[in-house]
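*Asks:* Sequence first, then the predicted structure:
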Amino acid sequence: MKYLLFPTILILTLLSTNNAQAQFTGPSSFRTATTVSEVIEDARRLDRQDALVKLRGFVVEQINEDEFWFEDATGRVRLEIEPQYMPATPFDHTTELVIMAEVDFDLLDGTEIEAKRILFASEYDALSEEQR
């Protein structure tokens, strides 16, 4: 009898577990779209909070292998793009992008954003509000 009790409890537990999977549809951890000047002004706080920001603009120049200058109408900031986040489709300085990035502030080096996701602006505009 003792030997049947454990398997019975185990089977009942496994059968009663709900295996339904769903997608999170609440607010994103990314701040709403912001500007380069806002990021630079608030960089120290954003870095302390590990905040993620969305920026819309252009990669205008490559500094080295994984660092670039990113620019919008309000200013310019260094952008780090690790190879895994680099878009598969080539782009140039005239291609408008939406960058989701983490802000990195260093007293000596200044402000840098580290890309976590890059979309072409046309792709981003086609997404639903929940997908953004």
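*Replies:* That came in fine, so what should we check first?

*Asks:* Which strand or helix spans Glu129?
*Replies:* Per DSSP states H and E, Glu129 falls between elements, in no helix or strand.

*Asks:* Sorry, slip of the keys, the one I care about is Ser122.
*Replies:* Assigned by DSSP H and E, Ser122 falls within helix 121-126.

*Asks:* now the helices for the chain?
*Replies:* 2-16, 36-41, 43-48, 121-126 (DSSP state H).

*Asks:* Who does Phe68 form a beta bridge with?
*Replies:* Gln62, Leu79 (DSSP bridges).

*Asks:* cool, and the one 4 residues further on?
*Replies:* When bridges are called by DSSP bridges, Asp72 pairs up with Gly75.

*Asks:* Quick check: it vs Ser37, distance?
*Replies:* Noted for Asp72: a distance of 8 Å to Ser37, by C-beta to C-beta, to the nearest Å. From N, CA and C alone the C-beta is placed, and that goes for glycine too.

*Asks:* More neighbours: which of those two?
*Replies:* Neighbour comparison, Asp72 and Ser37: the larger count goes to Asp72, with 19 against 14 (by other C-beta atoms under 10 Å).

*Asks:* Residue ranges in this structure under the pLDDT threshold?
*Replies:* Residue ranges of the chain with pLDDT under 70: 1-33.

*Asks:* from memory Asp50 sits against Phe105, does it?
*Replies:* No - using C-beta atoms under 8 Å as the test, Asp50 is too far from Phe105 to be in contact (11.3 Å).

*Asks:* So those two - more neighbours on which side?
*Replies:* It is Phe105, of Asp50 and Phe105, that has more neighbours when counted by other C-beta under 10 Å, with 17 against 10.
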